[in-house]
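Enquirer: pasting the sequence and the predicted coordinates here, then a few questions.
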Amino acid sequence: MKKTAARHEGWIQRRFATIDLNDPRQRRWIIFFVVGGVIEIMLLAAVGFRGAEFMDSPKFCGELCHTVMKPQYTVYDESPHARVNCVNCHIGPGADWLVKSKINGIPQVFATIFNTYQRPIPSPVENLRPARETCERCHWPEKFTEDRLRVARHYAEDERNTEQPRTTAFKVGGGKADGARGIHWHIAARVWYLPLDEKRQEIAWVGVQNGDGTLREYVLPTKASEVTPERLEKDKRLMDCIDCHNRATHVFRSPSQRVDNLISRGKIDRNLPFVKKKAMEAFTGSELDLEATLGKIEGLKAFYQESYPAIFTEKKERIEGVIAELARVARESIFPEMKTNWKTHVDNIGHLESPGCFRCHGKLSTPGENKKTIDATCQECHYSMQVAPAGGNR
């Protein structure tokens, strides 16, 4: 080894000893190699940067690499966070979580290669970075202080598709822990909870941390025996944004919600008799069968042709437009290859489509004789207001 190293060292010395910078020919070659080397390094750096940038893009996550994430990517594309890169929420800033994510991703790579991944993809995501380090870079409790007004327009499944508007003011609130109020009090304060299932739908214990570090505890009476110090130490979680906003980006809205939205926007003609009812029938009984659902949607043409021939003749193009819109909803709601539809992933916001708030409110109470149940009255979080019906497209 020493002899080999010595030979190489001698060769290098002899080569460099022959360089004459006064020789124009040698000088040109030296400049050529130096400039070429610099350009090569710059190209490699640019390619590496572009490659890293592409791997951080939603296109890479949702289409090229994670094809198993088609349902999540489809609804992400229509979400309020559609312009936020996946890595901003799933990884966040800093090298430590980048490394952790890559290590956690190794089993997923093998599962994808060998086609052994779970169908549907389970949720919630295990080992997800705390929302205080990701979500709260844009949203934080002190930012929200006022009530928020929301107008929701629903349509009945009668012949006239009667509009049923509902206006609700939400006590969003927020602020610092010592003076927080409203719904975002849950984040401003330190609230611990103990889930008993993987989906975090059954909650057996809640502990609200007081200023002196003590806990004000609430227990689910039927599961009190399962709340042990050992289990609390191991499985309790500090409540953060995603415990309520668990579908903040990957929101699988129900067909009823989507059809209401399409009618409200004029994409579906509200003057078509029973259009809401027939649309809902198309999505009933075939929740994981896309082809069957598309077949039912196509049947709307025959329904209007037989039951309302005059309307069918007058509004044939609009009926075809409704069919096209409903077919799009079906393709964006039903993913047979991943055994996923709008019911697969529970949405904890509210309490209409899932237990949501009522996982704790109205169920858990303080231990002991003088039990105090966590408030579940409507006025605790919101209050209703009157709204005039919209003109619609009548």
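Expert: Sure thing, it's come through.
Enquirer: for the protein, which segments count as strands?
Expert: 148-155, 163-170, 191-195, 203-209, 215-219, 237-238, 382-385 (DSSP state E).
Enquirer: paired strands for the shortest one, with orientation please.
Expert: Strand pairing for strand 237-238, using DSSP bridges, gives strand 191-195 (antiparallel).
Enquirer: and the partner strand, how far out from the chain's middle?
Expert: 21 Å (CA atoms, centre = their mean, to the nearest Å).
Enquirer: stretch 83-96 now?
Expert: Put simply, stretch 83-96 sits 13 Å off its chain's centre (CA atoms, centre = their mean).
Enquirer: list the buried residues of it.
Expert: For stretch 83-96, the neighbour count (16 or more other CB atoms under 10 Å) marks 86-87, 89, 91-92 as buried. C-beta coordinates here come from the backbone N, C-alpha and C atoms, glycine included.
Enquirer: just those residues now: which is nearest Y304?
Expert: Closest approach between the buried residues of stretch 83-96 and Y304, by CB to CB: C86, at 42.2 Å.
Enquirer: ranges for the helices of the stretch 51-200 of the chain?
Expert: Per DSSP state H, counting those that start in this stretch, the stretch 51-200 of the chain has helices spanning 58-59, 70-76, 86-90, 95-113, 185-188. These are given in chain order.
Enquirer: how about TSV for those, with mean pLDDT added?
Expert: TSV is the format used below for those (pLDDT from 0 to 100):
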stretch	mean pLDDT
helix 58-59	65
helix 70-76	89
helix 86-90	86
helix 95-113	80
helix 185-188	88
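Enquirer: for A279, which of those is the nearest?
Expert: helix 70-76 (19.1 Å).
Enquirer: for that closest one, packing partners?
Expert: Packed against helix 70-76, as judged by 3 or more CB pairs under 8 Å, 6 or more residues apart in numbering; DSSP states H and E, are no other helices or strands.
Enquirer: alpha carbons of it, as PDB, please.
Expert: Output of helix 70-76 as PDB, limited to C-alpha atoms (Å, rounded to 0.1, in the frame of the first residue of the first chain):
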ATOM      1  CA  LYS A  70     -54.700   9.300  -5.200                       C
ATOM      2  CA  PRO A  71     -57.800   9.900  -2.900                       C
ATOM      3  CA  GLN A  72     -55.900  12.300  -0.700                       C
ATOM      4  CA  TYR A  73     -54.300  14.100  -3.600                       C
ATOM      5  CA  THR A  74     -57.700  14.500  -5.400                       C
ATOM      6  CA  VAL A  75     -59.400  16.200  -2.500                       C
ATOM      7  CA  TYR A  76     -56.300  18.200  -1.600                       C
END
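Enquirer: start the count at 231 instead of 1 going forward.
Expert: Noted, 231 is the first residue going forward, which turns the last one into helix 300-306.
Enquirer: my guess is S353 contacts N578, does it?
Expert: No. With contact defined as CB atoms under 8 Å, S353 does not reach N578; the gap is 10.9 Å.
Enquirer: mutual contacts of the two, please.
Expert: Shared contacts of S353 and N578, defined by CB atoms under 8 Å, 6 or more residues apart in numbering, comprise N476.
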